[in-house]
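[1] okay, predicted coordinates and the sequence, questions at the end:
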Amino acid sequence: MSRAAVTGIGWVTPAGMGRARRGDAFVPGAGPLPRIERQAVFDFPMPRFKRMDGLCRLGMAGITLCLADAQLDGWYRKRTIALVAGSRYGCLQTDFAYYKSVIDPRVAPSPSLFAYTLGNCFLGEAAIAFGLTGTAFVINDGTMTDTTVLAGAFDNLCQSSPDGVLTGVCDLGPPREAGLAADDLPVGAHFVMLTPNSGNTCFSAFGELERDNGIFLFNGVPIASLIDLVEQCRLTL
């Protein structure tokens, strides 16, 4: 059995962006995501943000909102906080956009798009912006409808003993050019902050998440997905 305190939650859904402690509405689902502007997420200048691709903007927004909810967005020294994310399609939309620039004889291949043709770029950007030095990786089969990414986060928390693990999912959905059938699975970014001990924070945690023989429980209630965890946490407010 392993345990962690849930100390922060942030999200971007088709219904909008939000944080748990701010009392924002959490409405997961499918559909177009809101346009993400730097001013809506950061209270400090970030010149690179306007050059980021859609996946990176989405991931940065979700992570920033989660860190702010956990009162960890301000920092003066680096923290060994790990980043564990899940995504169904990763940067596939950016890959298609870059390939279009490659095969178009009228323009040169786009270096700004090429810079984001990796599905974990948003984790690197977040680590730089917030001084996070823990392990960072993306699980390609993680979705918002299961606990895959939570398992990856707990493995990291138990084996590496970081200050905490910021974990969640970031997914734009399939690009139109891929010819994939549309589905009703949620899109967006949902992130939660897990810390080894709630006593390390200056405010109370939402509650305790534990893993027992592969089953996740939040305050004793079985958790079937990341969305389920977010909703159960918000009930404690």
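    Received the coordinates, thanks.
[2] when you work out contacts or count neighbours from here on, use the C-alpha atoms and nothing else.
    Fine.
[3] just checking, what packs against the biggest helix by length in the chain?
    The helix that spans the most residues within the chain, counting by DSSP state H, is helix 54-69. Under the contact criterion of 3 or more Cα pairs under 8 Å, 6 or more residues apart in numbering; DSSP states H and E, helix 54-69 touches strand 2-13, strand 16-19, helix 38-41, helix 121-130, strand 164-171, strand 188-195.
[4] Val169 versus the closest residue to Lys78 other than its chain neighbours, what's the distance?
    Of all residues not flanking Lys78 in the chain, Gly131 sits nearest, at 4.5 Å (Cα to Cα, 6 or more residues apart in numbering). Remark: distance between Gly131 and Val169 (Cα to Cα, to the nearest Å) = 20 Å.
[5] which of the two has more residues huddled nearby?
    Remark: of Gly131 and Val169, Val169 carries more neighbours, 32 against 18, as counted by other Cα atoms under 10 Å.
[6] contacts only, for the closest residue to Glu231 other than its chain neighbours.
    Once flanking residues are discounted, Glu231 sits nearest to Phe26: 7.9 Å by Cα to Cα, 6+ apart. Taking Cα atoms under 8 Å, 6 or more residues apart in numbering, we find Phe26 in contact with 11, 13, 15, 18, 231.
[7] can you pick the most crowded of the residues you listed?
    Within these, Trp11 tops the neighbour count with 31 neighbours, counted by other Cα under 10 Å.
[8] quick one: pLDDT of the closest residue to that one other than its chain neighbours?
    Leaving aside its sequence neighbours, Trp11 sits nearest to His190 (Cα to Cα, 6+ apart; 4.4 Å). On pLDDT, His190 comes in at 96.
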